[in-house]
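> Next input, structure requested:
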Amino acid sequence: MTEFSAPKGVPDYYPPDSAQFVAVRDGLLSAARRAGYGYIELPIFEDTALFARGVGESTDVVSKEMYTFADRGDRSVTLRPEGTAGVVRAVIEHGLDRGALPVKLSYAGPFFRYERPQAGRYRQLQQVGVEAIGVDDPALDAEVIAVADAGFRALGLEGFRLEITSLGDETCRPQYRELLQEFLFGLDLDEETRRRAQLNPLRVLDDKRPAVRAMTADAPVLLDHLSDTAKQHFDTVLSHLDALGVPYVINARMVRGLDYYTKTTFEFVHDGLGAQSGIGGGGRYDGLMRQLGGQNLSGIGFGLGVDRTLLALRAEGKNVGETTRCDVFGVPLSEQAKLKLAVLAAQLRASGVRVDLAYGDRGSKARCARPTVPVRGSRWSSAIVTSRRPWWG
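Numbers count the residues shown, from 1 in each chain. Alright, predicted model coming up:
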């Protein structure tokens with residue numbers, strides 16, 4: 001047995017599970033592609049300042065969870081903990097916002113957070129995401145949410161729900177911030193929590209400790225203090241979701257873990273996953289692009305967990321993806337048959353048939369999930385058997 005193992009909290013996906021993983025990832029991406037979201041491939045690591053400024057220094061992601069190190073040029077870089085900041089950076093850097101708006105992009109891949117590993121919570125997590133940048137339109141908010149909903153449903157997932165709220169705009173948030181801080185400073189909070197309340201009081205409402213949650217149970221909620229503009233925006237989003245047939249539950253106490261969210265904010269939840277019930281979420285981020293040095297353009301997006309979606313499907317007893325490795329499996333019964341069988345296999349593969357061949361003496365029949373029956377042919381002394389009929393020469 002090897003002395004090496006995967007780092008803690010970093011899963012391996014190998015056959016047959018990897019086929020299900022790919023099916024989930026590609027299924028979620030397909031929903032975005034059908035809605036006109038072009039694919040963007042992002043760097044695995046970025047300048048640390050991008051996430052500190054974009055995600056927010058008061059968040060757990062930046063203050064506790066990022067994998068940050070100095071490269072050989074003594075530059076501080078960070079393995080990406082989320083996708084939105086990188087997409088916005090790319091849009092600004094390459095001038096994608098100078099053309100038709102909105103800019104609609106999708107992405108997929110690994111992200112990295114130093115968290116305590118448990119079921120559904122990994123240090124390398126796999127996500128599919130979309131971003132729509134450049135238009136402040138509640139109809140676009142509804143489209144983004146509907147894309148995620150359609151992706152889950154296309155995979156056969158059923159037992160999930162959409163929770164949604166509004167985190168307001170630049171008009172109502174300052175007043176609410178003062179109101180919330182006044183409430184929080186009247187509580188018996190520890191020094192670290194009081195510091196967070198000073199930096200960003202919404203972060204305290206996101207605290208998972210039972211004692212803090214109990215103390216903040218009666219805290220004022222932003223949904224009750226929206227400006228007229230923010231309320232109209234939220235009501236329009238809900239009316240569009242109703243028209244699209246996307247069910248939702250309003251959760252006035254929802255606080256996402258990233259500081260850039262404004263107005264529409266949402267999360268998809270599956271109770272079959274226990275404590276780690278979130279399978280994806282997102283929201284609007286109207287000030288992020290300007291904050292990162294670009295135009296003052298709005299945006300909205302989501303990130304969906306591939307790992308957690310796969311776990312949710314398994315919790316429902318659902319299987320996705322092709323688990324068999326081949327349609328045709330060839331077994332040469334003599335040395336002279338090997339070359340001819342290899343040529344036939346190449347021809348079948350070129351026509352779109354998945355073909356595997358037996359090599360060596362071990363595991364021939366185990367290589368393909370479908371039954372394999374060697375048949376002696378007069379020309380090749382070999383046979384290839386599929387679920388439908390044998391192939392032989």
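
> And the residue nearest to P220 when sequence neighbours are not counted, its phi and psi?
The shortest distance from P220 to any non-neighbouring residue, by Cβ to Cβ, 6 or more residues apart in numbering, is to L179 (5.4 Å). (C-beta placed from N, C-alpha, C; glycine too.) When read as degrees, to the nearest 10, the backbone of L179 gives phi -60, psi -40.

> partners of V269 in the sheet?
Listed by DSSP bridges, the beta-bridge partners for V269 are R161, G278.

> wait, it sits on F160?
Yes - counting by Cβ atoms under 8 Å, F160 is a contact partner of V269 at 6.4 Å.

> one step back: would you mind measuring from the residue nearest to P220 to A230?
With distances taken as Cβ to Cβ, to the nearest Å, L179 is found 15 Å from A230.

> For these two, indicate the residue with more neighbours.
Higher neighbour count among L179 and A230: A230, with 23 against 16, using other Cβ atoms under 10 Å.

> I'd say that one and Q175 touch.
No - counting by Cβ under 8 Å, A230 does not reach Q175; the two are 11.8 Å apart.

> Now L162. Nearest residue, chain neighbours left out?
Here the residue nearest L162, using Cβ to Cβ, 6+ apart, is Y248, at 4.4 Å.

> From G272, how far off is that neighbour?
Y248 is 19 Å from G272, by Cβ to Cβ.

> Can you name the residues that contact R213?
Applying Cβ atoms under 8 Å, 6 or more residues apart in numbering to R213 gives the contacts D207.

> Now it: phi and psi?
Per degrees, to the nearest 10, the backbone of R213 is at phi -60, psi -40.

> partner strands of the strand or helix carrying F329, parallel or antiparallel?
Using DSSP states H and E, the element containing F329 is strand 328-332. Sheet pairing of strand 328-332 (DSSP bridges) gives strand 355-357 (parallel), strand 382-385 (antiparallel).

> Check for me that V87 belongs to a helix.
Yes - counting by DSSP: H, G, I helix; E, B strand; the rest coil, V87 falls inside a helix.

> circling back to that earlier point, okay, V269 and F160: which has more neighbours?
Between V269 and F160, F160 has the larger neighbour count (other Cβ under 10 Å), namely 23 against 18.

> how near is the more buried one to D307?
Taking Cβ to Cβ, one finds F160 at 15 Å from D307.

> Ok, Q20 next?
To D307, Q20 is 11 Å away according to Cβ to Cβ.

> follow-up on the earlier one: contact partners for the residue nearest to L162?
Contacts of Y248 by Cβ under 8 Å, 6+ apart are 161-164, 238, 241, 266.

> swap in S277?
Listed by Cβ under 8 Å, 6+ apart, the contact set of S277 reads 269-271.

> cutoff 10 Å now
Shown in contact with S277 (Cβ atoms under 10 Å, 6 or more residues apart in numbering): 120, 160-161, 267-271, 308, 312.

> Please produce TSV containing those, extended by distance to V328.
As requested, these are arranged in TSV below (distance: Cβ to Cβ, whole Å):
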residue	distance to V328
G120	37
F160	38
R161	43
E267	45
F268	40
V269	43
H270	38
D271	42
R308	35
A312	34
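
> Quick check: the two most widely separated of those residues?
Pairwise distances across those (Cβ to Cβ) peak at 16.7 Å, for the pair G120 and R161.

> Between these two, point out the one with more neighbours.
Higher neighbour count among G120 and R161: G120, with 20 against 15, using other Cβ under 10 Å.

> shouldn't that one be in contact with D307?
Yes - if you go by Cβ atoms under 10 Å, G120 and D307 touch, sitting 6.9 Å apart.

> Need the residues touching each of those two.
By Cβ under 10 Å, 6+ apart, G120 and D307 have these common neighbours: 276, 279.

> mind listing what the residue nearest to E158 when sequence neighbours are not counted touches?
Distances taken as Cβ to Cβ, 6+ apart place E316 nearest to E158, at 6.4 Å, with adjacent residues excluded. By Cβ under 10 Å, 6+ apart, the contact set of E316 is 156-160, 270, 272.

> and what of Q347?
If you count contacts by Cβ under 10 Å, 6+ apart, Q347 has them with 353, 355.

> Just the helices from this structure, written as ranges.
With DSSP state H applied, the chain shows helices at 17-34, 48-55, 60, 84-93, 138-154, 173-184, 191-199, 202-205, 210-215, 228-244, 288-291, 306-315, 335-350, listed in chain order.

> Those helices: which one's closest to V10?
Closest approach to V10 among the helices of the chain (Cβ to Cβ): helix 306-315, 10.9 Å.

> Run the angle between the closest one and helix 17-34 for me.
If you take axes from the mean of the first three to the mean of the last three Cα atoms, to 10 degrees, helix 306-315 sits at 110 degrees to helix 17-34.

> how many other residues sit next to the nearest residue to E322 once chain neighbours are set aside?
Among residues not flanking E322 along the chain, A19 sits closest, at 5.7 Å (Cβ to Cβ, 6+ apart). Neighbourhood size, A19 [other Cβ under 10 Å]: 18.
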